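> return atomic coordinates for the entry below.
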Amino acid sequence: ESFQYVGRMKTATTRLGTVLAAALLLGACGIKKEIHQKALTRISTLETVMADLDPAAVPLPHVTGLWKLFSRAQKLSAAGELSLADQVRRADEWRRSGYHSAEEWMARQKGTSVGDARGRLEASKHLEALPDTAAALRAGLVSPEQAVIVADAAIANPAAEADLLRQAGRDSHSGLRREA
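Below is the predicted model of the structure:
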């Protein structure tokens, strides 16, 4: 049974790797007409992987690698959300849906606080003026949380952006926050 599970997980890991590669490719190639369909297909694949996942049956030598893949997928997904947040505000779906603000709509969709959504929306607005931070975010080199810290500081002091991005790659979250 363990052998069968390893086989299923190798298939799932390959699917997850495809999801990650697609996310990287989509970030690198910019907006295309069919991007929504590609993203939907990749999310559907990830949903299939999750339906097949039985954590207790994953052999211990494979757990860490699989966890890293899921962590990377989550980081890239959150990067997509952060990158699109200001465009979501501009699209006005939140208003048509009866919400008072884009932040309220985003918080409801994600199950987070309005304050968290507000911070991410502000950072998303700043990404346009911070192309290095935006590129690092899309490539998965910084987490969305790190990008928010860098963006907040770099808007106030644009000369600090490169140093903060380097620090994000080598320091803890709290260390980056202190430096910013």
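> average pLDDT across stretch 102-121?
Stretch 102-121 shows a mean pLDDT of 94.
> for stretch 77-95, that is, sorry about that
pLDDT averaged over stretch 77-95 gives 93.
> then it to CSV, C-alphas only?
Extracted C-alpha coordinates of stretch 77-95, given in CSV (Å, rounded to 0.1, in the frame of the first residue of the first chain):
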residue,chain,number,x,y,z
SER,A,77,-0.6,32.0,-5.1
ALA,A,78,-0.4,34.8,-2.4
ALA,A,79,1.9,36.7,-4.7
GLY,A,80,-0.7,36.6,-7.4
GLU,A,81,-3.3,37.9,-5.0
LEU,A,82,-1.0,40.7,-3.9
SER,A,83,-0.1,41.6,-7.5
LEU,A,84,-3.7,41.8,-8.5
ALA,A,85,-5.2,43.5,-5.4
ASP,A,86,-5.1,47.1,-6.8
GLN,A,87,-6.6,45.9,-10.1
VAL,A,88,-9.4,44.2,-8.1
ARG,A,89,-10.1,47.6,-6.5
ARG,A,90,-10.3,49.2,-9.9
ALA,A,91,-12.6,46.5,-11.3
ASP,A,92,-15.3,47.6,-8.9
GLU,A,93,-16.8,44.1,-8.5
TRP,A,94,-16.8,44.8,-4.8
ARG,A,95,-19.1,47.7,-5.3
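> buried stuff in it?
Using 16 or more other Cβ atoms under 10 Å as the test for burial, stretch 77-95 gives 77, 78, 79, 80, 81, 82, 83, 85, 86, 88, 89, 94. Bear in mind the C-beta positions are built from the backbone N, C-alpha and C, glycine included.
> and if you look at stretch 49-59?
Buried residues in stretch 49-59 (16+ other Cβ under 10 Å): 49, 58.
> what's the neighbour count on residue 132?
By other Cβ atoms under 10 Å, 13 other residues sit near residue 132.
> do the same with the one 5 residues further on
In terms of burial, residue 137 registers 30 neighbours under the definition other Cβ under 10 Å.
> so it is in contact with residue 82, correct?
Yes. Counting by Cβ atoms under 8 Å, residue 137 does reach residue 82; the two are 6.5 Å apart.
> ok, residue 37 - how many residues close by?
Under the criterion other Cβ under 10 Å, the count of neighbours that residue 37 has is 10.
> kindly report the same for residue 115.
Close neighbours of residue 115, defined as other Cβ under 10 Å, add up to 10.
> okay, helices next: where are they in this structure?
2-29, 35-52, 60-91, 93-96, 102-110, 114-127, 131-138, 144-156, 161-170, 173-179 (DSSP state H).
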